[in-house]
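sequence and predicted structure below; questions after.
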Amino acid sequence: MSYLWSVFTKPWAGMPGAELGRLVAGIGFGGAEVPVRDTAYVTPANAEAELPKFAARLRAEGVAPISVASDLSEPVFAACAEAGVPIIRIMAELGADGYAASVRRNRALLERSVVLTERYDVQIGVQPHHGRYVSSTLGVLQLLDGLPERFKLVWDAAHDALAGDHPAVTLELGADRLGIVNLKNVHYVRTGSAWKPNFVEAEDGLSDWPAVFAALQQLGYAGPICLTGQYSDPAVPVETRLAKDLRFAVTSAAQHPSGE
């Protein structure tokens, strides 16, 4: 199975498109998710003017923009349509009013966005996230239930593991919605009397990446694989860790060729 190996470019959020494209292509990636946030080179306020140029510069360096991490405002949809970026990735945040009320609020936001997905032909991808978000794959699938096909699951290896799930289960259950597969890894470390997630290299965490690729091959998934470049320990440059993790991911994928 041939995948589009991609990377979330948050570690270099302020970098111009051409420079960013050369950097991530040099690591070995052919795709990129671009943050469109107030702290990034492309922001929601300037996205309509800047994202098409930014995406063109990435493509000129051989890097396909697979998605943006942003909000669901109409200017972001319009910018993605003009730039040819297919997915806006979000997470479903939980508020002080509790889980059920937060899910209702997030569902209402998604329902209001249906018209924008149709107007601009841009998809929405919802990612589970440990902590103050809908944290499980199954929770995201429940949130998306009944929405049009353009509403996708962004499956995440680390957050799936933090939820106590297994890729053979959650990837199969989410197969019909699967838009992007995120790869990162994590374990827990004790800090005082509490435990907190510590994001680590591919071979050091709770998520079994070879099991992820075994499940993806069974499903015939051919979409983008996105390494998110999230590591809690800054002692080693993120580029070094990403290059190592990409090699591990490619090797893991090759152990499960299509049809096996």
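Structure's in. What do you need? Numbers count the residues shown, from 1 in each chain.

buried set for the helix or strand hosting residue 20?
Here residue 20 sits within helix 17-27, counting by DSSP states H and E. Residues of helix 17-27 classed as buried: 17, 20, 21, 22, 23, 24, 27 (neighbour count, 16 or more other C-beta atoms under 10 Å). From N, CA and C alone the C-beta is placed, and that goes for glycine too.

can you name the residues bridging to the residue most central in space within the chain?
In the chain, the residue lying closest to the centroid (C-alpha atoms, centre = their mean) is residue 182, at 4.8 Å. Counting by DSSP bridges, residue 182 is bridged to residue 156, residue 226.

looking at the buried residues of helix 17-27, which is nearest residue 115?
Nearest to residue 115 among those, counting by C-beta to C-beta, is residue 17 at 29.7 Å.

so for that closest one, what's the nearest residue that isn't a sequence neighbour?
residue 57 (3.2 Å; C-beta to C-beta, 6 or more residues apart in numbering).

any idea how far residue 20 is from that neighbour?
The gap separating residue 57 from residue 20 is 8 Å, by C-beta to C-beta, to the nearest Å.

per-residue confidence for the residue nearest to the centre of the chain?
Here, the pLDDT recorded for residue 182 equals 98.

re the thing from before, next helix or strand past the helix holding residue 20?
Per DSSP H and E, the first helix or strand lying C-terminal to helix 17-27 is strand 31-35.

elements contacting that following strand?
Judged by 3 or more C-beta pairs under 8 Å, 6 or more residues apart in numbering; DSSP states H and E, the packing partners of strand 31-35 are strand 4-8, helix 17-27, helix 47-60, strand 64-69, strand 224-227.

contacts for the second one, please.
Taking C-beta atoms under 8 Å, 6 or more residues apart in numbering as the criterion, the residues outside helix 17-27 that touch it are 7, 9, 12, 15, 32, 41, 53-63, 239, 242-243, 246.

next one: it to chain centre, how far?
Centroid separation for helix 17-27 versus its chain: 19 Å, with C-alpha atoms, centre = their mean, to the nearest Å.

just give the number of residues close to the residue nearest to residue 17.
Residue 57 sits with 18 neighbouring residues when counted by other C-beta atoms under 10 Å.

ends of stretch 38-54, how far apart?
Length of stretch 38-54, first residue to last, C-alpha to C-alpha, to the nearest Å: 16 Å.
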